[in-house]
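# take this sequence and fold it.
(one chain, ligands or ions: 2)
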Amino acid sequence: MKIKSNSPSQLLSIGEKLGKIIDRETVILLDGDLGAGKTTFTKGLAVGLGVEDIVNSPTFTIAKSYSGRLALNHLDVYRLEGLDEDFGIEEYLGDNEVLVVEWSKFIDKDIFNEYLHIQIDYLDDSRILTFTAKGDYYQNLIKELEVWKS
Ligand code: ADP
Ligand code: MG
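Numbers count the residues shown, from 1 in each chain. Ligands and ions are numbered 1, 2, ... in the order given. Down below sits the predicted model:
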């Protein structure tokens, strides 16, 4: 499923919609080049999850956690590129928590049984989001987004 976004505010609102429909532990894996909008999308998601703190890029800290309606654990694994060590990412997904991983291409996605993957590609100021789900719960999230955007 694909959604086009023409501005940062549209990308924020897509993230916010996804955050609003999440009501259980959820894994969201984000890919796309530097500046594609992974962090912007996560900021919107945080709003939808009821996080009140400002969400910033965790590029240098690797992980940041926020409390909201559900806790949000925001990881950026860019700096783990090429590192073969076991970072233990799955430990960032507690019961009823949401895990967002930027640059998930640098990790083994199969450590999660199920997840939502979002690839963000860009051309000038437009962004194309490509949603792929592994598992029924995640397929349903995509369906709800599809209904919402139409
Ligand atoms: P990433 O986390 O993928 O590196 P960021 O979300 O930090 O990306 O940055 C995206 C940048 O692109 C922001 O500076 C934002 O203002 C800019 N931008 C321009 N057009 C868009 C758009 N349509 N959607 C999202 N971001 C956009
Ligand atoms: Mg980022």
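
# residues of the chain that sit close to ligand 2?
Neighbours of ligand 2 within the chain, by CB under 5 Å from the ion: 38-39, 57, 102. C-beta here means a position set from N, CA and C on the backbone, and glycine is covered the same way.

# return the item of those residues having minimum pLDDT.
Lowest pLDDT among those: residue 57, with 87.

# correct me, but that residue touches residue 41?
No: with contact defined as CB atoms under 8 Å, residue 57 does not count as touching residue 41 (11.7 Å).

# looking at the two, which is more packed in?
Taking other CB atoms under 10 Å, residue 57 and residue 41 do not tie; residue 41 has more neighbours (28 against 16).

# wait, the more buried one sits on residue 116?
No: using CB under 8 Å, residue 41 is not in contact with residue 116; the gap is 11.6 Å.

# low-confidence ranges in the chain?
81-86 (pLDDT under 70).

# nearest to ligand 2: which residue in it?
Here the chain gets closest to ligand 2 at one residue, residue 39, 3.4 Å apart by CB to the ion.
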